[in-house]
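*Asks:* Can you look at this prediction? I've put the sequence above it.
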Amino acid sequence: MQKRFFGLLFSAMLVAAACGGTTASGSPGAASAPAASGGTTPSGAATGDDTFKFVVDSEPTTLATEPDDLPTSWITGFLYSTLYTPNYKLEYQPLLAAAAPDISADGLTWTVKLKDGVKFHDGSVMTSADVKFTYDLHLSPNCRGNPDSCSSIIDNVAKVEAPDPSTVVFTLKQKYAPFLASGLGAILIVPKAAMEASFAKLQAAAAQVTKEEVKAEADKVTAATATADAAGKDTPCADAKTAPDTCKFSTYTAELEALLGKAGIETVNKAQFNTAGDSGTDFDPEAYAQGLLTQVTDLDRTLNASQIDQIASAIKLIDFGKHPIGTGPYKFVAYQAGQNVEMARFDDYFGGATKVDPKKIPSKSFAVVIRSSAAATTALGNDELQWQPKIESDAFTTVKDNPNVQLAEYPDNGYYYLAFNLRAGHLYADKALREAFSMCIDHDKTVDVATSSNGQPVFANTPPFSWAFNPDVKKYTYDVAAAKAKIEGAGWALGSDGVYAKGGKKLSSTLFVRVGRPQRLAFAQLARDQLKDCGIEVTVQEGDLNTVLIPKVLDYPNTFDTYLGGWSTTFDPDDYSIFHSTEIPTKANPSANNFPGWKNPAADKLLEQGREETDQAKRKDIYFQFQTLIHDDLPYYFLWADKAHTGLSKRVGSQNEPLDLTSVGIDYWNQDAWTVTPK
């Protein structure tokens with residue numbers, strides 16, 4: 001997942017964390033089948049034309065704002081535009097902006113001139129009012145976009161002004177070095193009028209419910225399913241094996257659906273909650289019910305807010321997300337759950353950063369949902385897909401010599417990790433146990449085996465591609481005897497079953513891993529086997545992003561103990577939104593990125609300093625210190641960074657400059673110029 005910007009997409013997002021998906025027919029093995037038998041060729045996309053098809057490995061989450069998962073961000077990247085965008089050298093170039101921002105001497109005022117004549121997909125002309133409106137949504141305490149995007153604006157921007165139709169002025173609260181990348185290069189611009197009209201429909205429909213009944217329902221279900229009370233003590237719901245049915249979110253499905261129906265709100269898409277079984281269609285009623293509760297909670301916030309805060313809290317409820325309108329090269333056509341998102345070329349596209357001719361790009365584009373990375377790579381090799389943004393290394397070997405494919409290889413802007421839940425009452429809130437855990441795994445050898453030598457071992461949060469990467473962070477120590485001594489020093493005794501126990505509680509946890517990710521699963525299983533030698537029991541559980549990982553791991557109340565996931569990072573080393581203590585998920589901000597619940601005052605201070613320091617050499621020193629600190633405190637046990645691979649059909653080219661297959665920018669820069677030669 002990406003720094004859940006984000007995506008960023010970025011996110012990317014981010015992200016977070018770890019992904020799965022399904023084919024158009026729901027069967028991972030169907031990816032290479034002919035269209036007539038349920039393969040990846042979407043309905044309406046005849047072979048032989050210039051249709052552009054790319055893969056996403058899970059159902060899209062939101063098309064109304066920046067998503068907090070990487071797969072959806074590939075889609076929104078074609079529908080929307082930002083003010084600035086990174087090129088192949090990761091230098092930010094004007095996109096919707098007409099030129100580089102004008103920055104005041106004190107670094108607090110950033111003035112951006114906009115390009116003239118940019119149109120939204122509904123034909124309206126974009127002005128500074130739309131840009132101001134978009135950023136005001138992110139300034140709201142009710143911001144429901146990607147957490148990374150929300151926090152970068154809320155924490156750093158004092159106000160946004162639009163003195164004339166082509167000028168936007170940003171006043172910052174303090175110097176914020178990453179503002180070009182994380183502020184001006186990360187926010188998807190939406191049309192003010194269309195968004196307000198969509199919200200007006202919700203207001204009219206929601207008049208059928210009162211804010212009192214919505215709040216009562218949200219509070220009732222939240223309290224009934226809580227695993228801990230306000231004081232942090234366990235409730236009857238804490239132990240899943242003994243919890244009564246009243247602790248299940250699905251117990252309240254019918255009443256949640258009824259309330260949303262009364263308010264005229266379409267319930268969350270059920271396809272997002274299909275698990276990744278052999279059929280790809282096993283439905284998770286518990287995760288679906290949690291999705292319904294999130295909608296009711298958003299409605300509660302909306303009814304108790306005013307002005308822009310209402311729209312911000314309702315952005316995932318209004319019908320704008322079902323009919324998104326951006327300024328990107330493609331406009332939304334339709335979404336078929338479990339199959340694809342269809343987009344059509346926008347002939348009035350403004351030309352992007354390199355003045356492309358929109359009529360030379362493919363007339364149609366489809367984001368095809370395929371959960372299995374291997375199945376997607378098979379489809380790419382058969383030219384049933386024209387782009388696979390991320391190819392897992394085990395699948396890469398099957399396509400690296402395929403004449404139908406051109407492959408990009410570059411240092412990835414991301415890394416994998418094993419996260420511990422640090423909240424009181426969870427096993428690994430005890431640092432001694434985290435240290436012991438890290439000492440029980442032969443780190444570098446396990447990374448090498450799990451990734452087939454495609455992973456570069458890492459020991460902190462900044463991946464090797466970054467200018468702020470610290471190569472001197474210590475490696476993890478492999479020492480089983482010393483690990484056992486630490487565990488016993490913390491009061492645990494080895495049981496007859498070979499597992500440590502204390503106070504009747506075993507040193508045992510579930511390690512969640514995203515389904516369809518063989519490298520991550522391989523590392524988890526290898527780690528599990530080694531941890532046995534230390535008396536630590538681990539059960540590896542694969543889970544779908546929407547049905548398992550978001551409700552149990554990534555979102556409040558964060559009921560996991562251990563999780564193996566990944567972050568796609570932005571091109572700036574600022575990790576405030578992932579690791580600062582103010583970014584711990586809460587009921588009010590359930591999707592914040594610091595899901596382990598890490599609180600470290602020294603870390604907070606370094607993250608704050610890194611944002612405010614504009615001298616790159618000094619920033620580098622700050623982030624070097626932070627990497628040492630996070631390695632030593634161990635909220636994460638860091639694993640590896642990939643040598644990343646992106647796959648493109650040999651029929652994909654660019655109308656105005658060669659594709660750079662050695663840059664991470666291949667996934668971000670100038671995609672609006674991509675062409676597809678007809679078969």
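*Replies:* Perfect, thanks for sending it.

*Asks:* Next one: the spatially closest residue to Tyr176 that is not a sequence neighbour from Ala314, what distance?
*Replies:* Distance criterion C-beta to C-beta, 6 or more residues apart in numbering; nearest residue to Tyr176, sequence neighbours excluded, is Asn156 at 4.2 Å. The way it works is simple: take the backbone N, C-alpha and C, and place the C-beta from them, glycine included. According to C-beta to C-beta, to the nearest Å, Asn156 and Ala314 sit 24 Å apart.

*Asks:* Next: Gln655.
*Replies:* Going from Gln655 to Ala314 by C-beta to C-beta gives 39 Å.

*Asks:* Also Glu59?
*Replies:* Per C-beta to C-beta, Glu59 is found 21 Å from Ala314.

*Asks:* Gly543 too?
*Replies:* For Gly543, the distance to Ala314 (C-beta to C-beta) stands at 29 Å.

*Asks:* follow-up on the earlier one: Asn156 and Ala314: which is more packed in?
*Replies:* Taking neighbours as other C-beta atoms under 10 Å, Asn156 and Ala314 compare with Ala314 leading, 27 against 20.

*Asks:* wait, doesn't that one sit right on Leu303?
*Replies:* No. With contact defined as C-beta atoms under 8 Å, Ala314 does not reach Leu303; the gap is 9.2 Å.

*Asks:* I figured the residue nearest to Tyr176 hits Glu608, correct?
*Replies:* No. Using C-beta under 8 Å, Asn156 makes no contact with Glu608, being 10.8 Å away.

*Asks:* So, low pLDDT: which residues of this structure?
*Replies:* Across the chain, the ranges flagged by pLDDT under 70 are 1-48, 230-232, 275-281.

*Asks:* helices or strands up against the host helix or strand of Arg619?
*Replies:* According to DSSP states H and E, Arg619 maps onto helix 616-633. Packing contacts for helix 616-633, counted by 3 or more C-beta pairs under 8 Å, 6 or more residues apart in numbering; DSSP states H and E, involve helix 601-612.

*Asks:* I would like the residues contacting the helix it packs on, please.
*Replies:* Helix 601-612 has contacts (C-beta atoms under 8 Å, 6 or more residues apart in numbering) with 156, 174-178, 573-576, 579-582, 619, 622-623, 625-626, 629-630, 633.

*Asks:* Enumerate the positions of that helix that are buried.
*Replies:* Buried residues in helix 601-612, counted by 16 or more other C-beta atoms under 10 Å: 603-604, 606-607, 609-612.

*Asks:* Now do Gly543: how many residues are near it, please.
*Replies:* Counted with other C-beta under 10 Å, residues neighbouring Gly543 total 25.

*Asks:* Identify the residues contacting it.
*Replies:* 275, 512-515, 549, 552-553.

*Asks:* now with 6 Å?
*Replies:* 512, 549 (C-beta atoms under 6 Å, 6 or more residues apart in numbering).

*Asks:* and Lys53, how many neighbours?
*Replies:* Using other C-beta under 10 Å, Lys53 is surrounded by 24 other residues.

*Asks:* where's the helix or strand where it lies relative to the chain centroid, distance-wise?
*Replies:* If you go by DSSP H and E, Lys53 is part of strand 52-56. The chain centre lies 18 Å from the centre of strand 52-56; the measure is C-alpha atoms, centre = their mean, to the nearest Å.

*Asks:* and the angle for whatever helix or strand comes next after it with strand 52-56?
*Replies:* Note on strand 52-56: by DSSP H and E, the next helix or strand toward the C-terminus is helix 70-79. Put simply, helix 70-79 runs at 150 degrees to strand 52-56, going by axes from the mean of the first three to the mean of the last three C-alpha atoms, to 10 degrees.

*Asks:* Now helix 70-79: buried residues?
*Replies:* For helix 70-79, burial by neighbour count (16+ other C-beta under 10 Å) applies to 70-79.

*Asks:* May I ask which two of those are separated the most?
*Replies:* The two members of the buried residues of helix 70-79 with the most space between them (C-beta to C-beta) are Leu70 and Leu79, at 15.5 Å.

*Asks:* Tally up the residues packed near Ala527, please.
*Replies:* So Ala527, with other C-beta under 10 Å, has 26 neighbours.

*Asks:* Specify the local secondary structure of it.
*Replies:* Secondary structure, DSSP: H, G, I helix; E, B strand; the rest coil: Ala527 is helix.

*Asks:* show me what contacts the residue lying closest to Pro585 once chain neighbours are set aside?
*Replies:* Closest residue in space to Pro585, ignoring its immediate chain neighbours: Tyr556 at 4.0 Å, by C-beta to C-beta, 6+ apart. Contacts for Tyr556 (C-beta under 6 Å, 6+ apart) come out as 585-587, 590.

*Asks:* okay if I get these as TSV plus secondary structure and neighbour count?
*Replies:* Output for the contacts of Tyr556, formatted as TSV (DSSP: H, G, I helix; E, B strand; the rest coil; neighbours: other C-beta atoms under 10 Å):
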residue	secondary structure	neighbour count
Pro585	coil	20
Thr586	coil	11
Lys587	coil	12
Pro590	coil	21
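
*Asks:* Looking at these, which is nearest Trp640?
*Replies:* Minimum distance to Trp640 across the contacts of Tyr556 is 25.9 Å, recorded for Pro585 (C-beta to C-beta).

*Asks:* wait, is Pro463 part of a helix?
*Replies:* No. Counting by three-state DSSP, Pro463 is not part of a helix but coil.

*Asks:* May I see the buried residues of the strand or helix carrying Ala522?
*Replies:* Secondary structure from DSSP H and E places Ala522 in helix 518-532. Neighbour-count burial for helix 518-532 flags 518-524, 526-528, 530-531 (criterion: 16+ other C-beta under 10 Å).

*Asks:* packing partners for it?
*Replies:* On a contact count with 3 or more C-beta pairs under 6 Å, 6 or more residues apart in numbering; DSSP states H and E, helix 518-532 meets helix 443-450, strand 508-514, strand 537-543.

*Asks:* can you put these in CSV and add distance to Lys119?
*Replies:* Output for the helices and strands packed on helix 518-532, formatted as CSV (distance: least, C-beta to C-beta, whole Å):
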stretch, distance to Lys119
helix 443-450, 48
strand 508-514, 38
strand 537-543, 42
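
*Asks:* Mind listing the residues bridging to Val405?
*Replies:* Applying DSSP bridges to Val405 gives these bridge partners: Ser649.

*Asks:* Distance check, it against Gln386.
*Replies:* As judged by C-beta to C-beta, Val405 and Gln386 stand 10 Å apart.

*Asks:* okay, now Ser306: neighbour count?
*Replies:* Neighbourhood size, Ser306 [other C-beta under 10 Å]: 6.

*Asks:* if we can go back for a sec, give me the more crowded residue out of Val405 and Gln386.
*Replies:* Legend: neighbour count by other C-beta under 10 Å for Val405 and Gln386, higher for Gln386 (25 against 22).

*Asks:* Test my guess that the more buried one contacts Lys53.
*Replies:* Yes. Assessed by C-beta atoms under 6 Å, Gln386 is found in contact with Lys53 at 5.5 Å.

*Asks:* so Ala271 touches Gly338, yeah?
*Replies:* Yes. Applying C-beta under 6 Å, one finds Ala271 in contact with Gly338, separated by 4.9 Å.

*Asks:* Could I get the buried residue list for the helix or strand hosting Trp110?
*Replies:* Secondary structure from DSSP H and E places Trp110 in strand 109-113. In terms of neighbour count (16+ other C-beta under 10 Å), strand 109-113 has its buried residues at 109-110, 112-113.
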